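Participant: Have a look; sequence and predicted model below, questions after that.
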Amino acid sequence: MLIRIPRPSDAKEHEITPESIYLRRREFIENGIYTGAALAALPLIAACEPAAGRSPQPTTGTLTELKAKSNKTYDTDEAQTPFKDATRYNNFYEFGTDKEDPGKNAHTLVARPWTVKVDGEVGKPGTLDVDDLMRPEDLEERIYRLRCVEAWSMVIPWIGVPLGKILKRFEPTSKAKYVAFETLVDPKQMPGQRRKILDWPYREGLRMDEAMHPLAILASGMYGRVLPNQNGAPLRLVVPWKYGFKSIKSIVRIHLTEKEPPTTWNMEGPSEYGFYANVNPEVNHPRWSQKRERRIGEFRKRPTLKFNGYIDEVETLYSDMDLSKSF
Amino acid sequence: MSARWLHRLFWVVGFLPAALLLVNFELDRLSANPIEDITHVTGEWAIRWLLFALAVTPLRRLFGWNRLAPYRRSAGLLAFFYASLHFLTYFALDLYFDLDAIIEDIVERPYVTVGFTAFMMLLPLAITSTRGWIQRLGKNWVKLHRLAYAAGIAAVIHYLWLVKADLLAPIIHAMILACLLGVRIYLRVRKPS
């Protein structure tokens, strides 16, 4: 007999949107819009019969396939966000501040060849080609929830390597307490950097124990292919229990340090974005609620889960911390 | 083109952003988060039409463009139309009529508080925009309709406070509003009436 023990990160049965509702999600919005439009007696309503067919699922285009072994330990079986939505709704200010800007503008990024510098408190510093850093035999698929600090979320099948496994190859010293990451700076490739919207380069960081946690991965692919540029090609961090802005994209430098490194959104608004940025429905953003989130593709908001549903895996990392202070 | 047809054309242009929103939704050309798009577009147009309405009097005084006079009311009503869509999108589509959530937002989140205040200030202005109300209220109508400035200020603050990092768009709107208010003050100081 096969007994299936649910993993703590599994979505509960009642949390899963029934497929029939999921597929009809646009109708809800449509109904709302039609009501509003009818109230306003918009003259054009007659000319706006529903289009014969919705845009089909786009193909993954020219992106190279990426082979990875499956590691189901942490996978969620919730419905995956359509590839189309995951690649046209992005926060990546290096390519513009609108959600659709990265999808439109990121073609200027040259993702290969690409080197990553690993330095700081390590025994074996080095500058490696991204394809040497991400050894093909180490690649795993991980299906994770992604919760943005702006209260929307997705489910994405990443392909990557546990960050800890990579860091160990560089032999961190006893002084390595934090890992700092930096994104490429090149306004020619990243037109959003022509204006100083943020203090470029984009910077992020993790405490060493967070970085060594098996959930934290460096990703070089998603949906069975290499990363599209707008999703952080060729190499990005994925830390699923933290708000999305921690998962820094297009990384060129990994720096191990003794002190907590400065991080971009924390520098931008220290009262709004903490260094830890763990997903937490109990600690609201000063300007909006974090209790609920909209899963992209769904209409009604759903409750946000503490640590984005990875509470059993990561809670012990923060057992001695006041999460409302260290948010 | 007669003034009457020009004014009709103005109304068509006024409703165009809402119509485009609907068309783009139908053609699946909005982003993966259409509710967010609808919220943003309706909010931006509410502010733009409000600024247009507030610009009419300064332009008449400065340049004698008196043909603009009838457009003040139309632009104000368009602002109210978009503000209503904006509020309904937020309350119905975003919060799904969750009363507790909207009360929490209005009480605890300053940008929602000022935004809601702006909308509440536009409400009496829209109601009293008819000829009947103008006659009934007499001089008080002018006093009441000075609320449009307060609504404009509240709306622009709402915009400034909700943006994450790139303040360019709200600052442009704030500067236009500041200019319009500046002209009013200048006219008042120069020629006390």
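Facilitator: Yes, it's here.
Participant: Past the helix or strand harbouring residue B:46, which element shows up next along the chain?
Facilitator: Assigned by DSSP states H and E, residue B:46 belongs to helix B:34-63. Beyond helix B:34-63 on the C-terminal side, the first helix or strand identified by DSSP H and E is helix B:71-88.
Participant: Show me what counts as buried in that following helix.
Facilitator: B:71-88 (16 or more other C-beta atoms under 10 Å in any protein chain shown). The way it works is simple: take the backbone N, C-alpha and C, and place the C-beta from them, glycine included.
Participant: and those near chain A, which?
Facilitator: B:81, B:85, B:88 (C-beta under 8 Å from any C-beta of the partner chain).
Participant: would you turn those into a markdown table with pLDDT?
Facilitator: As requested, those are exported to a markdown table (pLDDT from 0 to 100):
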| residue | pLDDT |
| --- | --- |
| B:81 | 98 |
| B:85 | 98 |
| B:88 | 97 |
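Participant: What is the helix holding residue B:46 packed up against?
Facilitator: helix A:25-39, helix B:3-26, helix B:71-88, helix B:147-162, helix B:168-190 (3 or more C-beta pairs under 8 Å, 6 or more residues apart in numbering or on different chains; DSSP states H and E).
Participant: nearest to residue A:226, of these?
Facilitator: Closest of the helices and strands packed on helix B:34-63 to residue A:226 is helix A:25-39, at 29.5 Å (criterion: C-beta to C-beta).
Participant: tilt between the top strand by length along chain A and helix B:34-63?
Facilitator: In chain A, assigned by DSSP state E, the strand with the most residues is strand A:152-162. If you take axes from the mean of the first three to the mean of the last three C-alpha atoms, to 10 degrees, strand A:152-162 sits at 120 degrees to helix B:34-63.
Participant: who touches strand A:152-162?
Facilitator: The contact list for strand A:152-162 (C-beta atoms under 8 Å, 6 or more residues apart in numbering or on different chains) reads A:66, A:68, A:76, A:78-81, A:85-86, A:134-135, A:138-147, A:214, A:216-224, A:238, A:293-296, A:304, A:308, B:33, B:36.
Participant: let's see 6 Å
Facilitator: If you take C-beta atoms under 6 Å, 6 or more residues apart in numbering or on different chains as the criterion, strand A:152-162 is touched by A:66, A:68, A:78, A:80-81, A:86, A:134, A:138-139, A:141-143, A:145-147, A:214, A:217-219, A:221-223, A:238, A:293-296, B:33.
Participant: Give me the buried subset of these.
Facilitator: A:66, A:68, A:78, A:80-81, A:86, A:134, A:139, A:141-143, A:145-147, A:217-219, A:221-223, A:238, A:293-296, B:33.
Participant: And residue 72, what's its pLDDT?
Facilitator: In the absence of a named chain, this looks at chain A. pLDDT, residue A:72: 88.
Participant: actually it's chain B I care about, not the one you picked
Facilitator: pLDDT, read off for residue B:72, is 95.
Participant: Would you enumerate the residues in contact with the nearest residue to it once chain neighbours are set aside?
Facilitator: The shortest distance from residue B:72 to any non-neighbouring residue, by C-beta to C-beta, 6 or more residues apart in numbering or on different chains, is to residue B:56 (3.9 Å). The contact partners of residue B:56, taken as C-beta under 6 Å, 6+ apart, are B:68, B:71, B:72.
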